[in-house]
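Undergrad: would you be able to build a 3D model of this:
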Amino acid sequence: MTHSIQPKNLLTGLGLALLILSSPIAVYLWRLMGFAPLSDLAHPLLWVTITNSFSILLLIGLYYRIWVRLTQLEQGEESSTSSPPEIRDRQQAELQEQNFVSVILDTANALITVLDQQGRIIRFNQTCERLTGYSFEEVKGKYIWDLFLIPEDIESIKTIIKELQACHFPNEHENYWLARDGNLRLISWYNTVLLDDNSSVKYLIGIGIDITERKQAEEMRRQLERQQEMSQLQLRFFSLVSHEFRTPLSTILASVQLLQLCPDKFSPDKKLRNLKRIEGATQRLRQMLDNILTINRAETGQLDFQPTQVELEQFCQDILADIPLNPDNQYVLNFVRNADCDSAYLDKNMLRSILSNLLTNAIKYSPQGGTIDLRINCTATEVIFQVCDRGIGIPVDDIPHIFKAFHRGTNIDSIPGSGLGLTVAQTCVSVHGGNISVTSEPGVGTTFTVTIPCEVISQV
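TA: Okay, here's the model as predicted:
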């Protein structure tokens, strides 16, 4: 009596399931059976990953059955010649079954390697042969890292093998494989082991999927998104800058024309008032140009960090003195020193950008005037600056976005601004290795806190 391979046979069923799951039709059928919504049809990469995962699980089961049956065949090899015909027929059918499974494994669209405990290759399917350009006979018995790995990946792969040897499995990783022709392919691996009768590791199993094209497609998509984002930022930049330049230039032109056309009709106070407007508009233009230059240097890696010893109190007083008075906004600038810290090693130009932008914003967003504090505190290893106002405050929803370029609060109404000042301040703080934070309440006021680690010199 002979034993034929029936469809209900476990290995045959697993093989057929593997072939079905590897086809695009399976993805559609999988969703029709209710395991995933049809609306996800627009995400093929997701379902390729799912089918690959099921394939990996089935392949592991198949390999395990192969190993069990080969062990059984080895043990019964000596007695096979004297076995009854029924046993020989059964063994022949099982051998055909193993050949059937071997064909499935070799035609599977996945890289399959079996290593011994030391990392030497003892199984290498046809997908591996096609991808690498090496035949199984060429790689048999050789260490995996002597053939396919780039130098940067060797140590990490040896670590993974050690983890498998210590029965820490399964694990997953990605690494490059170097083919015979020098082509690099990025492979996503799922690794596990086969144990012997003593529960010791006998074989290391690696099942890999070539994700090179997928990664390249993802990188192209990210680059396209970055280009689109940069294009949008450029449009916003030119729109805001053109508007922000036009406003102060119009103020300057109008004030100069009034002074020229009617020099005798203005009292000294009115002349001074117009001169202050000209000064304020000029300062706005200079601040905007400085901000643009700082951002450009930061993005191109040309923002030089040159710390020098800065006399902190005098520096802060000079910053406050340089801010022009606004005749339309009666505010008071107040300097508060909370500790004895005479000097520290900081970059003067960047510190000026930080404090000038924070103070300018505090004035701008305090249209009803009031007191604006510049506070300084320090320890032996850091300097803390605070700029506090009693202005319109920042809505809660805007706080996570305020340091992004061109972002402006939703409550600013018609208050002019470019949305660059806080971006510049954060950039300069980051170059110092510091941190900038904000607390605010709409209608109550805002406090920005800048903490910079540095060498502080105190004179007691």
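Undergrad: what residues go with each domain of the chain?
TA: 10-211, 220-457 (automatic domain parsing).
Undergrad: mean pLDDT lowest for which of those?
TA: Mean pLDDT is lowest for domain 10-211 among the domains of the chain, at a mean of 71.
Undergrad: and the strands in the stretch 251-400 of the chain, which stretches?
TA: Applying DSSP state E, counting those that start in this stretch to the stretch 251-400 of the chain gives strands spanning 308-311, 331-337, 343-346, 370-378, 382-389.
Undergrad: do the same with the stretch 101-250 of the chain
TA: 111-115, 121-124, 171-178, 184-195, 201-210.
Undergrad: of these, which is nearest residue 344?
TA: Residue 344 sits nearest to strand 171-178 of all those, at 45.6 Å, using Cβ to Cβ. C-beta here means a position set from N, CA and C on the backbone, and glycine is covered the same way.
Undergrad: buried set for that closest one?
TA: 173, 175, 177, 178 (16 or more other Cβ atoms under 10 Å).
Undergrad: from those residues, pick the one nearest residue 316.
TA: For the buried residues of strand 171-178, the nearest to residue 316 is residue 173 (53.0 Å; Cβ to Cβ).
Undergrad: contacting residues for the closest one?
TA: Residues near residue 173 by Cβ atoms under 8 Å, 6 or more residues apart in numbering: 156, 157, 160, 188, 189, 191.
Undergrad: from the residues you listed, which single one is nearest residue 119?
TA: The closest of the contacts of residue 173, once distances to residue 119 are taken by Cβ to Cβ, is residue 157, at 8.3 Å.
Undergrad: neighbours around the closest one, how many?
TA: Neighbour count for residue 157, taken as other Cβ atoms under 10 Å: 19.
Undergrad: and the one 4 residues further on, by the same measure?
TA: Residues near residue 161, counting by other Cβ under 10 Å, number 20.
Undergrad: what's the answer for the one 5 residues further on, then?
TA: Number of residues near residue 166 (other Cβ under 10 Å) recorded here: 10.
Undergrad: same check, this time on residue 307
TA: Residue 307, neighbours per other Cβ under 10 Å, totals 16.
Undergrad: again, but for the one 4 residues further on
TA: The number of residues packed near residue 311 is 13, by other Cβ under 10 Å.
Undergrad: so what's it up against?
TA: Here residue 311 is in contact with 342, 343 (Cβ under 8 Å, 6+ apart).
Undergrad: and what of residue 287?
TA: Residues near residue 287 by Cβ under 8 Å, 6+ apart: 356, 357, 360, 421.
Undergrad: buried subset of those?
TA: 356, 357, 360, 421.
Undergrad: got JSON lines for those, with distance to residue 292 too?
TA: As requested, the buried ones among the contacts of residue 287 are exported to JSON lines (distance: Cβ to Cβ, whole Å):
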{"residue": "356", "distance to residue 292": "14"}
{"residue": "357", "distance to residue 292": "12"}
{"residue": "360", "distance to residue 292": "15"}
{"residue": "421", "distance to residue 292": "11"}
